[in-house]
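# How does the following fold in three dimensions:
(2 chains)
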Amino acid sequence: MSAQHDDDDLAARLRAIDPARSAARLTEQELIRMSNQSTESIHRSRRPVVITIGAIAGAIAVGAAVFALTAPGPVEPVALTLTGSDPASSMCMALSPQSFDGADLAVDAVVVELGDGLATLEVTRGFTPGAPARITLPVPDAMATDFSFTGFEQGGRYLVAASDGVVLSCGASGDYSPELEQLYDEAF
Amino acid sequence: MDRSGFDAFVREVADPLHRYLLRRTDPATADDVLGDALLVCWRRRGDIPAEALPWAFGVAKGCLRNAERAQRRRTRLELKLVAQPAPTEAPELDLSQALARLRPADAELIRLWAWEELPPQAIATVLGITANAASVRLHRAKRRLREELGKDRADAGHDGAQGGDR
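A predicted model of the protein is given here:
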């Protein structure tokens, strides 16, 4: 029996146990509804972002964070801040999926705007539910922080994880790399 | 891509995406994640390639991970994913069990190949690996699946049972 025949036979047997083999096709009405919901629910989907902003504002009120918030609105980005820890006095553990315990936001994002020490990033993938469409964060000083950002640049791709509005450091956030993305996949 | 272009995109990918999700999670989650995935596709409509389906599978994969993370806090159904029994009869029980025993990465390659009927190049797009890596890993995954089936057959032989792998 040829390898191709073996493959065909195995594929046929696998198709017989396909859990979706008896699933009904989506109807025309369902397709229209889904298309409409996708294109019209941008504002609705961003409502949790407004709630998140409110929650972050609460954290600021107790003095725990130092990040700035922009006025809430359906298209406003979520503002994150850096810890500003001194790398000379910081201890960083080896990165693992557990490094992200407690993180409530993790995104793959691209810089779309740079100015006044602030970077605006458009989220291309949210690893956590309800990820915002955009985030902002201060441009880190590579010499003064322990972040793994090599310096933001327009169009640059970054992986950012945060807890209560504060970006995780020690390499848990930084320039995009397949290795870091793999860790995000495992963690989230 | 404008709205009409996105409508055409939805017509092309929604049903395969729905089946992709039904193969990996429960029906309610599949419906939810399908909506999430299409929303992400709309947001990223500028990135949609000419061969849209493997790319869309990749989006759905990410959305499913997000949903699973949220659900993991409650109850998780990891074993249900692969071991979901066929709804009526139970054909190929040995094959279902062999598939469930594979490493998750191998099982996913097998599913993408046999159920989504993707060639290695498209599997590579879904998994974010090279086509060559997808081809090599798929070959290994098939071999491991056959080995698992062989174990079942050997066990059946020891038990004096009839049947097993064809």
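# Restrict stretch B:100-116 to CA atoms and write it as CSV.
Extracted C-alpha coordinates of stretch B:100-116, given in CSV (Å, rounded to 0.1, in the frame of the first residue of the first chain):
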residue,chain,number,x,y,z
ALA,B,100,-6.4,11.8,22.3
ARG,B,101,-3.2,10.3,23.4
LEU,B,102,-1.1,12.3,21.0
ARG,B,103,0.8,15.4,22.3
PRO,B,104,-1.5,18.4,21.8
ALA,B,105,0.7,19.9,19.1
ASP,B,106,0.6,16.6,17.2
ALA,B,107,-3.1,16.2,17.6
GLU,B,108,-3.7,19.8,16.3
LEU,B,109,-1.6,19.1,13.2
ILE,B,110,-3.7,16.0,12.6
ARG,B,111,-6.9,17.9,13.0
LEU,B,112,-5.8,20.7,10.7
TRP,B,113,-4.8,18.2,8.1
ALA,B,114,-7.7,15.8,8.3
TRP,B,115,-10.6,17.9,9.5
GLU,B,116,-9.8,21.4,8.1
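# mind checking the longest helix of chain B?
Longest helix in chain B by number of residues, with DSSP state H as the criterion: helix B:131-158.
# Quick one: mean pLDDT over that helix.
Helix B:131-158 shows a mean pLDDT of 85.
# neighbouring contacts of stretch B:43-51?
Residues outside stretch B:43-51 that contact it (CB atoms under 8 Å, 6 or more residues apart in numbering or on different chains) are A:42, A:124, A:133, B:1, B:5-6, B:9, B:41, B:55-56, B:59, B:122, B:125. Quick note: C-beta positions are derived from backbone N, CA and C, even for glycine.
# in that stretch, what counts as buried?
Buried positions in stretch B:43-51, judged by neighbour count with 16 or more other CB atoms under 10 Å in any protein chain shown: B:43-45, B:48.
# tell me the average confidence for it?
The predicted model assigns stretch B:43-51 a mean pLDDT of 87.
# With stretch A:103-116 instead?
pLDDT averaged over stretch A:103-116 gives 86.
# Now the two most distant members of the buried residues of stretch B:43-51.
The span of those, defined through CB to CB, is set by B:Arg43 and B:Ile48 at 10.8 Å.
# Could I get the full set of helices for chain B?
B:3-22, B:27-43, B:52-72, B:78-83, B:93-101, B:104-114, B:120-127, B:131-158.
# from the middle of its chain, how far away would the fifth one be?
Here the centre of helix B:93-101 is set off from its chain's centre by 15 Å, with CA atoms, centre = their mean, to the nearest Å.
# Can you give me the buried ones in it?
Within helix B:93-101, the residues that count as buried by 16+ other CB under 10 Å are B:94-96, B:98-99, B:101.
# Where does pLDDT dip in the chain?
Looking at chain A here, since you left the chain open. Along chain A, the parts satisfying pLDDT under 70 run over A:1, A:41-75, A:84-91, A:141-151.
# think we crossed wires, I meant chain B
B:70, B:72-92, B:152-166.
# which residues does the residue most central in space within it contact?
Nearest to the geometric centre of chain B sits B:Arg111, at 4.5 Å (CA atoms, centre = their mean). Going by CB under 8 Å, 6+ apart, B:Arg111 touches B:23-24.
# Quick one: residues in contact with stretch B:144-153.
A:6, A:10, B:94-95, B:97-99, B:101-103, B:106, B:110, B:164-165.
# Looking at those residues, which is nearest A:Ser173?
For the contacts of stretch B:144-153, the nearest to A:Ser173 is B:Arg103 (29.5 Å; CB to CB).
# and the residue nearest to B:Trp115 when sequence neighbours are not counted, how many neighbours does it have?
Nearest in space to B:Trp115, with sequence neighbours left out and distances taken as CB to CB, 6 or more residues apart in numbering or on different chains, is A:Asp18 at 5.0 Å. When neighbours are defined as other CB atoms under 10 Å in any protein chain shown, A:Asp18 has 18 of them.
# Please settle this for me: is A:Asp18 part of a strand?
No: counting by DSSP: H, G, I helix; E, B strand; the rest coil, A:Asp18 falls outside a strand, being coil.
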